[in-house]
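Asks: got a sequence here, can you build the structure:
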Amino acid sequence: MYDPVVSKQIDNNQPYPDSYWFNSVASTPDLNPLKQDITTDTVIIGAGYAGLSCAYHLAKNYDQQAVVLEANGIGWGCSGRNAGFVLPLSGRLGYEALVKRFGLETTEAIHNEFINGVDLVEELINTSKADVQRQPNGYLKIAHRPKYFDALKRQADYMAKHFGYHVTPLTKQQLCEQYVDHHQAHGALLYQQGYGIHPLKLCLALHQLVLDKGVKVYSNSPVQGWTKQGEYHQLVTPQGTVKAKNVVVCTNGYTPNTFHKSVDKRTLPVMTSVIVTRPLSDKELIESRFLTNHVMMDTRQLKYYYRKLPDNRILFGGRGAISGKQAQSTKYHDRLLEGLRDSFPALNALTTDYRWSGWISVSLDDIPHVHQSENKVFYSAGYCGAGLSFSTMAGKRLAEKVAGDTNSHNIPMLTTALPRFPLSPFRRVGQRMFYELGRVRDAWF
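Replies: All right, here's what the predicted structure looks like:
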């Protein structure tokens, strides 16, 4: 499997993963590689949520046509592989940690940006009129031990007091009787904002919105060379080149190891794995009391995330292998199935129909960044596994920066660069240590 830590470039002509999402779309767009040399004001690298959102908002709000380059098919990367959780958050920091780092006023602005991201996804769904299999509103944060339920309740009180943002604590009994009979839960917080969608269908809908604006999108066109000549960047693809004044990098977890100095060694690519089961029988639905279609995530250090899909399958995800070389090992997906069965013993006979993995990216300071670097290079990255809604909003903010719109919100994730990882060749040594400590913490503390 492609590994962004060791690969100097990403290959093209790679098939979509054999995922539930890919197998449940009617079709994906034909590959459309760039086959000529062109000149444009702005080129966007990556046809996922951020890149397509940037292209759409440049055309819609500023009447600027960009060119989009994608190494493989539309949504081939994380935008077509994720769990489809539309959440009012990003990064890894909770509200108290954000306030401690940035202060109350700035954290309130960050909170509003997260909410804006959810609203933007909803707006784009409505604009596209695409059936993205949107499920009912509701996000459950599950406490996997009693002490974490106490912490969740304190978090709920904190958010209500300081931000006027109200979430509902649910006891273990309420969760198990009204939502799902979860045997490893000790209560939960219910957020009204947040819901599940079909992530690849959303990405394909964004692609169509971009095409409708007249934007040129070239798939199967990886950037294999990047130089600067005068005021123009020159990007080389297998069959053509693009000269552009502005370059927008929206490759996130799929960014090659040595791509451009503005983004090199500034994120840690982390593999996440997903399984989707066969459909539940009526008996299994009753016995597991799986009444909810809300998206769910627990409080483990190495989190599990899960939801019931519209056809009564269970999607269950969590951390996977550390390197691309290990990605095909069955043990990581088997571990997820074991976690699912431990959580819902009534589903002990469940088997999986789909298994796949993909890369997310983690920033050193645990928050995403949308930034204009030197020489008119722009990027967004570091969503830390919660990027669907925020990366879509990041695309809009990138469009504002490219257009010179100074009305963009003044919050750290929109004004500061991704910090570089110190001793970056050893990033995975630290990751292995974090995983081992996380497994001990989750099992015993």
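Asks: can you give me the end-to-end span of stretch 338-348?
Replies: 9 Å (Cα to Cα, to the nearest Å).
Asks: elements contacting the host helix or strand of Val247?
Replies: Assigned by DSSP states H and E, Val247 belongs to strand 241-249. If contacts are counted by 3 or more Cβ pairs under 8 Å, 6 or more residues apart in numbering; DSSP states H and E, strand 241-249 sits against strand 38-45, strand 67-69, strand 232-236, strand 377-381, helix 388-403. Every C-beta, even on glycine, is put in place using the N, C-alpha and C of the backbone.
Asks: out of the ones you listed, which gets nearest to Val180?
Replies: Across these, Val180 has its closest neighbour in helix 388-403 (22.3 Å, Cβ to Cβ).
Asks: tell me the mean pLDDT over the helix or strand just after that closest one?
Replies: Note on helix 388-403: by DSSP H and E, the next helix or strand toward the C-terminus is helix 412-415. The pLDDT scores in helix 412-415 average 94.
Asks: next one: stretch 374-388
Replies: Regarding stretch 374-388, the rounded mean pLDDT is 96.
Asks: buried ones in that stretch?
Replies: 376-388 (16 or more other Cβ atoms under 10 Å).
Asks: for the protein, which residue occupies the most central location?
Replies: Computing the C-alpha centroid of the chain and ranking residues by Cα atoms, centre = their mean puts Gly387 first, at 3.3 Å.
Asks: is it true that it touches Arg81?
Replies: No: using Cβ atoms under 8 Å, Gly387 is not in contact with Arg81; the gap is 11.7 Å.
Asks: all helices for the stretch 51-200 of the chain, in order.
Replies: Listed in chain order, the helices of the stretch 51-200 of the chain (DSSP state H, counting those that start in this stretch) span 95-102, 104-128, 146-163, 172-178, 199-212.
Asks: output the strand holding Val247 as PDB, nothing but the C-alphas.
Replies: Output of strand 241-249 as PDB, limited to C-alpha atoms (Å, rounded to 0.1, in the frame of the first residue of the first chain):
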ATOM      1  CA  THR A 241       2.500  20.400 -17.200                       C
ATOM      2  CA  VAL A 242       0.700  23.200 -15.500                       C
ATOM      3  CA  LYS A 243       2.200  26.700 -15.000                       C
ATOM      4  CA  ALA A 244       0.400  28.700 -12.300                       C
ATOM      5  CA  LYS A 245       0.900  31.700 -10.100                       C
ATOM      6  CA  ASN A 246      -0.900  30.100  -7.100                       C
ATOM      7  CA  VAL A 247      -0.600  26.500  -5.900                       C
ATOM      8  CA  VAL A 248      -3.000  25.000  -3.400                       C
ATOM      9  CA  VAL A 249      -2.000  21.800  -1.800                       C
END
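Asks: partner strands of the very next helix or strand once past it, with direction?
Replies: Of the helices and strands lying after strand 241-249 in sequence (DSSP H and E), the nearest is strand 267-277. Strand pairing for strand 267-277, determined by DSSP bridges: strand 314-319 (antiparallel), strand 352-363 (antiparallel).
Asks: follow-up on the earlier one: which of the helices of the stretch 51-200 of the chain is buried the deepest?
Replies: Among the helices of the stretch 51-200 of the chain, helix 199-212 has the highest mean neighbour count (mean count of other Cβ atoms under 10 Å), at a mean of 23.
Asks: and the helix or strand just after it, what's its mean pLDDT?
Replies: Downstream of helix 199-212, the first helix or strand assigned by DSSP H and E is strand 216-218. Across strand 216-218, pLDDT averages out at 98.
Asks: adjust the sequence numbering to begin at 51 for everything that follows.
Replies: Fine by me, first position is 51 from now on; the one you just mentioned is strand 266-268.
Asks: residues contacting Tyr70?
Replies: Residues counted as contacts of Tyr70 (Cβ atoms under 8 Å, 6 or more residues apart in numbering) are Val326, Leu359, Arg363, Leu365, Asp403, Tyr404.
Asks: same check, this time on Thr78
Replies: Counting by Cβ under 8 Å, 6+ apart, Thr78 has contacts Tyr66, Phe72, Gly123, Ile124, Gly125, Leu254.
Asks: tally of neighbours for the spatially closest residue to Leu137 that is not a sequence neighbour?
Replies: Nearest non-adjacent residue to Leu137, counting by Cβ to Cβ, 6 or more residues apart in numbering: Gly244, 4.7 Å away. Neighbour count for Gly244, taken as other Cβ atoms under 10 Å: 22.
Asks: against Lys381, how distant is His232?
Replies: 24 Å (Cβ to Cβ, to the nearest Å).
Asks: again, but for Asn296
Replies: Distance, Asn296 to Lys381, using Cβ to Cβ: 44 Å.
Asks: likewise Trp409?
Replies: Distance, Trp409 to Lys381, by Cβ to Cβ: 19 Å.
Asks: do the same with Leu259
Replies: Leu259 is 40 Å from Lys381, by Cβ to Cβ.
Asks: show me the contacts for the residue nearest to Asn111 when sequence neighbours are not counted.
Replies: Excluding the flanking residues, the one nearest Asn111 by Cβ to Cβ, 6+ apart is Ala449, at 6.6 Å. The contact partners of Ala449, taken as Cβ under 8 Å, 6+ apart, are Ser103, Cys104, Ala105, Tyr106, His107, Leu108, Asn111, Tyr112.
Asks: cutoff 7 Å now
Replies: Counting by Cβ atoms under 7 Å, 6 or more residues apart in numbering, Ala449 touches Cys104, His107, Leu108, Asn111, Tyr112.
Asks: helix or strand right after the helix or strand hosting Ile336?
Replies: Per DSSP H and E, Ile336 falls inside helix 332-338. Under the assignment DSSP H and E, the closest C-terminal helix or strand after helix 332-338 is strand 345-348.
Asks: that following strand: partners in the sheet, and parallel or antiparallel?
Replies: Assessed with DSSP bridges, strand 345-348 is paired to strand 189-192 (parallel), strand 355-358 (antiparallel).
Asks: any chance of CSV for those strands, columns mean pLDDT and mean neighbour count?
Replies: Output for these, formatted as CSV (pLDDT from 0 to 100; neighbours: other Cβ atoms under 10 Å):
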stretch, mean pLDDT, mean neighbour count
strand 189-192, 98, 25
strand 355-358, 98, 23
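Asks: may I see the ones you listed arranged in TSV, with distance to Glu155 as well?
Replies: What follows is these, written out as TSV (distance: least, Cβ to Cβ, whole Å):
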stretch	distance to Glu155
strand 189-192	25
strand 355-358	31
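Asks: which one, of these, ends up nearest to Glu486?
Replies: Closest among those, once you apply Cβ to Cβ, is strand 355-358, at 21.0 Å.
Asks: that closest one: how far from the chain's middle?
Replies: Put simply, strand 355-358 sits 15 Å off its chain's centre (Cα atoms, centre = their mean, to the nearest Å).
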